[in-house]
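[1] following is a predicted model, sequence given first.
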Amino acid sequence: MKTLKYLLVGVAATRRSPHRPSPRAQSRPPHPPAAADDAAQAAFRSMVGEIVAADQAARTVTVMHLVASKPVHVVFNVDEATLPALAQLKPGDHVKVTYVQRGETRIIKTIVKA
């Protein structure tokens, strides 16, 4: 008998007002704009490795790092703000690279000796 009483009180308490629509009746929010997708892709990433090549004219840096004990070469583009830091580095230097990835392009935001 007590269980039935609690069940009825629970149903009465959760019953919706006729003036308040149910959550299912509300429309779904629209798909987020493409700019939000770009922001999600533009998250900063980092990598530690060794500089293999640096080309200031082409604004590229090739960094070798290990994946499953195998060397992998990754090519980065260098933006205008990072270009001066590139002049102080040479092949063989161990570096930490912070970058953003947009599609297949990786753009260095900071590069420092590790």
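    Right, received. Where do you want to start?

[2] flag every buried residue along the lengthiest strand in the chain.
    Of all the segments of type strand in the chain, defined by DSSP state E, the longest one is strand 44-55. For strand 44-55, burial by neighbour count (16 or more other C-beta atoms under 10 Å) applies to Met47, Gly49, Glu50, Ile51, Ala54. No exception for glycine: its C-beta is placed from N, CA and C like everyone else's.

[3] what lines up beside the following helix or strand past it in the sheet?
    Going down the chain from strand 44-55, the next helix or strand is strand 60-67, by DSSP states H and E. Under the criterion DSSP bridges, strand 60-67 sits next to strand 44-55 (antiparallel), strand 70-78 (antiparallel) in its sheet.

[4] contacts for the longest one next, please.
    Translated: strand 44-55. Identification of contacts with strand 44-55 by C-beta atoms under 8 Å, 6 or more residues apart in numbering yields 60-66, 73-74, 86, 89-101, 109, 114.

[5] just the buried residues of those residues.
    Of the contacts of strand 44-55, these count as buried by 16+ other C-beta under 10 Å: Thr60, Val61, Thr62, Val63, Val74, Leu86, Leu89, Asp93, Val95, Val97, Tyr99, Lys109.

[6] where does the chain dip in pLDDT?
    Scanning the chain for pLDDT under 70 picks out 1-42.

[7] Pro91 in helix, strand or coil?
    Assigned with DSSP: H, G, I helix; E, B strand; the rest coil, Pro91 falls in the coil class.

[8] identify the bridge partners of the nearest residue to it once chain neighbours are set aside.
    For Pro91, ignoring the flanking residues on the chain, the nearest one in space by C-beta to C-beta, 6 or more residues apart in numbering is Ile51 at 5.3 Å. Going by DSSP bridges, Ile51 is paired in beta bridges with Val63.

[9] repeat for Asp55
    Thr60.

[10] distance check, it against Ala68.
    28 Å (C-beta to C-beta, to the nearest Å).

[11] and what of Gln101?
    In terms of C-beta to C-beta, Gln101 sits 20 Å off from Ala68.

[12] quick one: end-to-end length of stretch 76-88, please.
    17 Å (C-alpha to C-alpha, to the nearest Å).

[13] apologies, that question was intended for stretch 64-84.
    Note: stretch 64-84 ends 21 Å apart using C-alpha to C-alpha.
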